[in-house]
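Starting from these lines, generate the structure:
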Amino acid sequence: MFLVVACLQFSGNLEILELAAYDLCLRMAPMLKAENSKITIIEISEKDIQTIGHWPLTDGILAKAIDTLLGNNPRAIGVDIYRDIPVPPGTDELNRIFVNHQQIIGIMTVGDKGVPPLSVIKGTEQEGFGDIVVDRGGIVRRALLFLDDGQNSFISFALRLASLYLTPEGITLQPDPANPQYLRLKDTTIRPFEENDGGYVKADARGYQFLLDYKDMGIPFQTYSFSDLLSGNVPPEAVTNRIILVGVGAQSVKDGFYTPLSRGFDEDRQILPGVVLHGHIVNQLLRFAIDGVPQIATVTDEQKIIWLLAWSLLGGLVGFCTHSARRSAATMTGGLIILFATAFAAFLANWWIPLVPPALSFFNSAVVVTAYTTGQGKKDRAFLMQIFSKHVSKEVAEMLWQQREQFLDNGRPRSQKMIATILFSDLKGFTTMSEKLDPQDLIDWLNIYMESMAGLIMSHGGVVDNFVGDGIKADFGVPLPSKDDAEVCRHAMDAVSCALAMEKAMQRLNAQRSEGHPAMGVRVGIYTGPVVAGLLGSSERLKYTTIGDTVNIASRLESYNKEIGKDDPCRILIGETTLRCLNDQYTTEKIGAVSLKGKDESIIIHRVLGDRPHLGAVTKQPLLS
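Here you go, the predicted structure:
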């Protein structure tokens, strides 16, 4: 996913989405709230044009308006009205005003198809270009300070006005000490926009551009109509020592632009008049110089790659660790919220870091890895259920899956040493019965017997380990290790309770036997102790089982002295370690210390006779030393 998203990002396919994310951050960011803006706008509205009666304005009317402003000593006047062709009468008067007052800046555009300035100021410091950089979709996100046409260099309309205001403050545009190719206004370095800055990919970076922050959109410029100016209704304090911008706001002139803040329900922000846009550019330059507001910074291509890779890896980690689509969806949502919050916090600190590419990479990596782990989980579950589902209850099988991390290693149950209780059972008189019954009847009866006993084992929480002829091996306390002695004892009591249930089942089977069918009995040996539990067999035929001395002792207990309890439907022999767990819950009798086959040390054997009529509370006591 990292490589795919990286290719999309650096090929420009995600640029429109990243720019939309940038616009969203601009709209969500708090606007500056300050008074006494240094800019006043004289806007020529549709009503003003109707009042004057014609368009364009004559040079005489424009000269009168500028002369009125000059009477109140503004620091700079920007005339955002193109005057490449004289509009008499009053042309000489307008030219005279421009020549005599150097603080008046006229507007022009650069290029062969551009609009030249008023002829009297062409080539002087009173001309400034008003070219605007417009992105796809018609949105203005950048401003220009300098442009050249291959022969001449030009200074922007906004920079001319800002310089006129700042010069009395002792602030002029200077090379940056650390990098002379960069420009500096007092303490703020204005780094030129480059083609891959922010979310842009191979953008047109000609000239000297910088990113607009639009933070001053919350500061309304003092605005007066052209009619107010001509009638003397503009107060002197709105002009004195301020930058005055004279421009057109009438819709019929079509001098409007879309900004990142144009989306929404605020009609006043949908289309920004050109004169107001120039006002915001000038104001941002003043904030650079006077308030020390930093420029919006961007990360390098190398940092973009690291940032993208980090979120790709994080998405993969989410998919790997969650193990379920629901948890993965919740975690992905949280991750995307954190990513957006991080990007937005960085934006508030004047940093533009990528948002859309890391979001896509994070999301897709998480989805792909989640799909893989889910598929792998299904295989692991199928493998686990293949081993256990036929030998444990559904509840135990589900518990094994929920707690699979405890005993699975690379999808296979790991071998573990644990304390368990092992039960062996074997039919008494099976040889005699096999001689008397038809083979098919024998098999049918054995299937009934095995199904009954296996059901009892599983219902008591045991695992049916193996069937050998008419014998059964069952494990209690596997495959999840017991947490403490109390849990070990509970498994031991489950095994003894299961053996007593097998006795009752044997009685029912004998009661249901047909004529000529001999009565049957079962011998049970139970022992509690350490075992090693794990998989045995080949790759084609695997089996989960237990091995160890405990297993051997339980087997020997089952086959010990077949004369003991030979007439009972079920004889249950247990070891001393199992007896310690029973806590007087069952009636037992001591057989004594005996030497079992294959054992050098004697084993104390007890026989379980049944439940005690008065059940005591289970208490925790020492189990195995």
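
hang on, isn't residue 285 packed against residue 160?
No - using CB atoms under 8 Å, residue 285 makes no contact with residue 160, being 10.5 Å away. In this view, the C-beta of every residue, glycine as well, is placed from N, C-alpha and C.

And the two? Which one has more around it.
In this view residue 285 and residue 160 are compared by other CB atoms under 10 Å, and residue 285 has more residues nearby, 25 against 21.

contacting residues for that one?
For residue 285, the contact set (CB atoms under 8 Å, 6 or more residues apart in numbering) comprises 158-159, 162, 185.

distance between the host helix or strand of it and the chain's centre?
Residue 285 is part of helix 274-286 when elements are defined by DSSP states H and E. Computed by CA atoms, centre = their mean, to the nearest Å, the chain-centroid distance of helix 274-286 equals 39 Å.

Run me through the strand neighbours of the helix or strand following that helix, direction for each.
Sequence order places strand 297-298 as the next helix or strand after helix 274-286, per DSSP H and E. Paired neighbours of strand 297-298 in the sheet (DSSP bridges): strand 351-352 (parallel).

residues in contact with the partner strand?
Strand 351-352 is contacted from outside by 22, 197-199, 211, 296-299, 346, using CB under 8 Å, 6+ apart.

Adding distance to residue 463 and neighbour count, write the residues you listed out as TSV.
What follows is the contacts of strand 351-352, written out as TSV (distance: CB to CB, whole Å; neighbours: other CB atoms under 10 Å):
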residue	distance to residue 463	neighbour count
22	60	24
197	64	23
198	61	24
199	59	26
211	67	21
296	65	21
297	63	15
298	62	20
299	57	17
346	56	16
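
Kindly present those as a markdown table, with separate columns for pLDDT and distance to residue 219.
Supplementary listing: the contacts of strand 351-352 in a markdown table, determined by pLDDT from 0 to 100; distance: CB to CB, whole Å:
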| residue | pLDDT | distance to residue 219 |
| --- | --- | --- |
| 22 | 95 | 21 |
| 197 | 96 | 26 |
| 198 | 94 | 24 |
| 199 | 94 | 27 |
| 211 | 97 | 19 |
| 296 | 95 | 18 |
| 297 | 95 | 23 |
| 298 | 96 | 25 |
| 299 | 95 | 29 |
| 346 | 96 | 24 |
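
what helices or strands is the host helix or strand of residue 557 leaning on?
Assigned by DSSP H and E, residue 557 belongs to helix 549-559. If you count contacts as 3 or more CB pairs under 8 Å, 6 or more residues apart in numbering; DSSP states H and E, helix 549-559 packs onto strand 416-428, strand 471-476, strand 521-537, strand 570-575, strand 603-611.

Which of those strands comes out lowest on mean pLDDT?
Lowest mean pLDDT of the helices and strands packed on helix 549-559: strand 521-537, a mean of 88.

buried residues in that strand?
521-529, 531, 533-534 (16 or more other CB atoms under 10 Å).

Out of those residues, which is nearest to residue 356?
Closest to residue 356 out of the buried residues of strand 521-537 is residue 534 (49.2 Å), distances taken as CB to CB.

returning to what we had before: tell me the angle the helix holding residue 557 makes with strand 570-575.
Orientation of helix 549-559 against strand 570-575 (axes from the mean of the first three to the mean of the last three CA atoms, to 10 degrees) gives an angle of 140 degrees.

So what touches helix 549-559?
By CB under 8 Å, 6+ apart, the list of residues contacting helix 549-559 reads 420, 422-426, 471, 473, 523-531, 573-575, 596-599, 603, 605.

remind me which residues of this structure are low pLDDT?
Scanning the chain for pLDDT under 70 picks out 34-36, 264-269, 323-324, 374-414, 514-516, 537-542, 613-625.

Could you dump the helices and strands packed on helix 549-559 into a markdown table with distance to residue 440 added?
Conversion of these to a markdown table gives the following (distance: least, CB to CB, whole Å):
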| stretch | distance to residue 440 |
| --- | --- |
| strand 416-428 | 18 |
| strand 471-476 | 21 |
| strand 521-537 | 22 |
| strand 570-575 | 27 |
| strand 603-611 | 35 |
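
so which helix or strand takes in the most centrally placed residue in the chain?
The central residue of the chain, meaning the one whose C-alpha is nearest the mean C-alpha position (CA atoms, centre = their mean), is residue 335 at 2.1 Å. Following DSSP H and E, one finds residue 335 within helix 325-348.

Might one say that residue 275 is in contact with residue 246?
Yes - at 7.3 Å, residue 275 and residue 246 qualify as touching, with contact defined as CB under 8 Å.

any idea how far residue 67 lies from residue 95?
In this view, residue 67 and residue 95 are 13 Å apart by CB to CB, to the nearest Å.

Looking at the two now, which is surrounded by more residues?
More neighbours surround residue 95 than the other of residue 67 and residue 95, with 18 against 14 (other CB under 10 Å).

Look up how far residue 593 lies from the more buried one.
Applying CB to CB, the value for residue 95 to residue 593 is 128 Å.

for residue 208, same thing?
Counting by CB to CB - residue 208 and residue 593 are separated by 100 Å.

Next, the angle strand 416-428 makes with the helix holding residue 557.
Computed with the same axes, to 10 degrees, the direction of helix 549-559 lies at 10 degrees from that of strand 416-428.

who are the neighbours in contact with the nearest residue to residue 223 once chain neighbours are set aside?
Distances taken as CB to CB, 6 or more residues apart in numbering place residue 41 nearest to residue 223, at 4.5 Å, with adjacent residues excluded. Residue 41 is in contact with 221-224, 244-247, 275-276, 279, counting by CB under 8 Å, 6+ apart.

Check residue 339 too.
311, 355, 358-359, 362.

The residue nearest to residue 223 bridge partners, please.
Here residue 41 sits in beta bridges with residue 223, residue 245, going by DSSP bridges.

How about residue 604?
Beta bridges link residue 604 to residue 593, judged by DSSP bridges.

Renumber starting at 6 from here on
In the new count, where the first residue is 6, that last one comes out as residue 609.

Return the distance of it relative to residue 597.
7 Å.

And the two? Which one has more around it.
Neighbour tally, residue 609 and residue 597, criterion other CB under 10 Å: the higher count belongs to residue 609, 14 against 9.

how far away is the more buried one from residue 224?
Distance from residue 609 to residue 224, by CB to CB: 94 Å.

cool, residue 531 as well?
To residue 224, residue 531 is 86 Å away according to CB to CB.

now swap in residue 493 and tell me
75 Å.

Next: residue 153.
Counting by CB to CB, the gap from residue 153 to residue 224 is 33 Å.

neighbour-wise, which of these two wins?
Using other CB under 10 Å, the more surrounded residue of residue 153 and residue 224 is residue 224, with 16 against 12.

Please report phi then psi for that one.
Dihedral pair for residue 224: phi -100, psi 100, per degrees, to the nearest 10.

How about the contacts made by it?
Residue 224 makes contact with 36-39, 42, 288 under the criterion CB under 8 Å, 6+ apart.
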